[in-house]
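Undergrad: Sequence isn't available, so here's the structure alone:
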């Protein structure tokens, strides 16, 4: 049975991604900072008939917690097939470039950019033991620098200089990571689930969570001729 570890998976898109992967036969590890919520997520999956799930305590902003999570997963499985960096924060809006507090920018980057790098570096050994390792970094359309220069874009009025920039940086790291791993069996991509209705945006999104998770699952389960080092949403490749 293949295995997948998803950060921030106790609710929203992360939880739905876990559910869809469990339905495909993956053993899913639910990464959650809060133990109670993580255990509740596993219990919910089991109530739906999915016994192939377990909880892993993880605070992505703590390197000690990341190391402990890796050790826990390592004690449960000889390899990891999929890593999905889903945990993230918006930092709250508005975030106009001239007014956004620098401390807010640092906090958002800590969770959205530095944390995924640390998680990847810690779990890379387990992933390398898989025959078909996959890494998905969950991003956003608001990270597209090209889109931000297009006045006809539906989100042109949004200017999230902390959140958007943190995900743009994550996109860039994804490209560089894919390049380093290009001669291996790894597939490394960043995926935008779209404006999905979850607690992350106070349920203001327009897409159901099931739809948002589908794109993530698609690129987490790519076959050997799948793309790597790309930016995708449900419709296909996105502009950087």
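TA: Yep, it's here. Every value quoted in this text rests on a predicted model; they were computed, and no experiment measured them.

Undergrad: In the lowest-mean-pLDDT helix or strand in the chain, which residues are buried?
TA: The helix or strand of the chain with the poorest confidence is helix 209-220; it has a mean of 94 (mean pLDDT, DSSP states H and E). Within helix 209-220, the residues that count as buried by 16 or more other Cβ atoms under 10 Å are 209, 211-220. To be clear about C-beta, it is placed using only N, CA and C from the backbone, and glycine gets the same treatment.

Undergrad: do the same with stretch 173-192
TA: For stretch 173-192, by 16+ other Cβ under 10 Å, it's 173-175, 177-178, 181, 186-192.

Undergrad: re earlier: next helix or strand past the least confident helix or strand of the chain?
TA: strand 231-233 (DSSP states H and E).

Undergrad: Can you name the residues in contact with that next one?
TA: With contact meaning Cβ atoms under 8 Å, 6 or more residues apart in numbering, strand 231-233 is reached by 139, 141, 144, 171, 174, 189-194, 215, 219, 237-240.

Undergrad: please redo it, this time with the cut-off set to 7 Å
TA: Contact with strand 231-233 is made by 139, 141, 171, 189-192, 194, 215, 219, 237-238, 240, as judged by Cβ atoms under 7 Å, 6 or more residues apart in numbering.

Undergrad: So the residue nearest the centre of the chain versus residue 137, what's the distance?
TA: Geometric centre of the chain, nearest residue: residue 86, 2.4 Å, by Cα atoms, centre = their mean. According to Cβ to Cβ, to the nearest Å, residue 86 stands 9 Å off from residue 137.

Undergrad: now the strands: where do they sit in the protein?
TA: Remark: strands assigned in the chain by DSSP state E are 3-6, 27-32, 53-57, 82-85, 134-138, 187-191, 231-233, 236-237.

Undergrad: so what strands line up beside the shortest one?
TA: Meaning strand 236-237. strand 231-233 (antiparallel) (DSSP bridges).

Undergrad: Against which helices or strands is the least confident helix or strand of the chain packed?
TA: Contacts defined by 3 or more Cβ pairs under 7 Å, 6 or more residues apart in numbering; DSSP states H and E place helix 209-220 against helix 12-23, strand 82-85, strand 134-138, strand 187-191, strand 231-233.

Undergrad: how about those, which one is nearest residue 71?
TA: Each of the helices and strands packed on helix 209-220 has some distance to residue 71 by Cβ to Cβ; the shortest is strand 82-85, at 15.4 Å.

Undergrad: Could you give the average pLDDT over that closest one?
TA: Model confidence over strand 82-85, given as mean pLDDT, is 98.

Undergrad: Name every strand pairing with it and say which way it goes.
TA: Partners of strand 82-85 in the sheet, by DSSP bridges, are strand 3-6 (parallel), strand 134-138 (parallel).

Undergrad: contact partners of it?
TA: 4-7, 17, 26, 116, 119-120, 123, 127, 134-138, 216, 220.

Undergrad: what's near enough to touch the nearest residue to residue 138 once chain neighbours are set aside?
TA: Once flanking residues are discounted, residue 138 sits nearest to residue 86: 4.7 Å by Cβ to Cβ, 6 or more residues apart in numbering. By Cβ under 7 Å, 6+ apart, the contact set of residue 86 is 6-9, 13-14, 17, 138.

Undergrad: circling back to that earlier point, residue 154: which of the helices and strands packed on helix 209-220 is closest?
TA: Closest approach to residue 154 among the helices and strands packed on helix 209-220 is made by strand 231-233 (13.2 Å; Cβ to Cβ).

Undergrad: gap between that closest one and the chain center?
TA: 12 Å (Cα atoms, centre = their mean, to the nearest Å).

Undergrad: just the angle between the longest helix belonging to the chain and strand 187-191, please?
TA: As assigned by DSSP state H, the longest helix anywhere in the chain is helix 163-180. Angle of helix 163-180 versus strand 187-191, following axes from the mean of the first three to the mean of the last three Cα atoms, to 10 degrees, is 170 degrees.
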